[in-house]
Structures are given as structure tokens and as C-alpha cells.
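Undergrad: only geometry, no sequence info:
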């Protein structure tokens with residue numbers, strides 16, 4: 001599907017690549033993804049123990065990654081369990097590889 005923005009057509013894959021790239025545009029988000037990639041899942045508190053930032057800051061980074069579709073969260077009151085969204089993670093890898101191979 002194509003979308004038009006200011007008379008420029010973008011392919012859906014291009015828009016997804018941009019969304020993924022934007023989400024990866026912060027070192028803390030890269031660190032979170034590296035942490036999650038080596039685990040089946042984790043809770044925000046787990047990340048606070050390995051990333052020296054306030055829980056609210058980490059939560060904001062998790063929200064950005066989740067909004068981009070790179071991670072998913074499952075509510076287990078009172079906590080949220082996060083894991084890599086495997087489908088989108090693989091898609092991001094393919095899109096970036098295709099972009100860099102051009």
C-alpha cells in the first residue's frame with residue numbers, strides 16, 4: 001500500500017523502516033532491546049536493575065519501543081511483562097538489511 005505525504009508516495013515498508021529507525025534512535029532503547037533479545041521476557045523492575053535510570057524514564061523508552069511494534073507487553077497486575085515482538089523484530093532486520101544492501 002502506498003501513502004502520500006506532501007505529494008510524495010511512500011511504500012508501507014518504507015514507513016515501517018522509518019518507525020523502527022526512530023524507535024532505535026536512543027542508546028537506552030538499544031540497551032533495552034539487547035537485554036530483551038537474550039531473555040524470553042522481563043519486567044520494568046528487571047531493567048531498572050541493569051540500566052541506571054529512573055523507572056519512569058525506562059517506562060517511557062518501553063512505550064516508544066512498544067508503539068513502534070518492536071516489543072510487546074503483557075499485563076500481569078500489578079506489573080507488565082515485556083518481550084521482543086518476534087514478528088516485527090524479524091521484519092525490522094529484513095527491512096534494515098534490504099536498505100543497507102541497496
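TA: The structure has been received and is ready for your questions. What you see is a predicted model; the values in this text were computed from it and never measured.
Undergrad: buried residues in the longest helix seen in the chain, which are they?
TA: Counting residues, the longest helix found in the chain (DSSP state H) is helix 86-101. Residues 88, 89, 91, 92, 95 are the ones in helix 86-101 that count as buried (16 or more other Cβ atoms under 10 Å). Every C-beta, even on glycine, is put in place using the N, C-alpha and C of the backbone.
Undergrad: please, which helix or strand holds the closest residue to residue 92 other than its chain neighbours?
TA: Using Cβ to Cβ, 6 or more residues apart in numbering and skipping residues adjacent in sequence, the residue nearest residue 92 is residue 20, 4.4 Å away. Using DSSP states H and E, residue 20 sits in helix 12-23.
Undergrad: next, the angle helix 12-23 makes with whichever helix or strand comes after that helix.
TA: Note on helix 12-23: by DSSP H and E, the next helix or strand toward the C-terminus is helix 27-37. If you take axes from the mean of the first three to the mean of the last three Cα atoms, to 10 degrees, helix 27-37 sits at 110 degrees to helix 12-23.
Undergrad: who are the packing partners of helix 27-37?
TA: Helices and strands touching helix 27-37, by 3 or more Cβ pairs under 8 Å, 6 or more residues apart in numbering; DSSP states H and E, are helix 44-50, helix 55-67, strand 71-76, strand 79-84.
Undergrad: now that helix: how far from the chain's centre is it?
TA: Counting by Cα atoms, centre = their mean, to the nearest Å, helix 27-37 is centred 9 Å from the centre of its parent chain.
Undergrad: I'd like to know how many residues surround residue 84.
TA: Per other Cβ atoms under 10 Å, the neighbour tally for residue 84 reads 19.
Undergrad: so what's residue 33 up against?
TA: Going by Cβ atoms under 8 Å, 6 or more residues apart in numbering, residue 33 touches 24, 65, 70, 71, 84.
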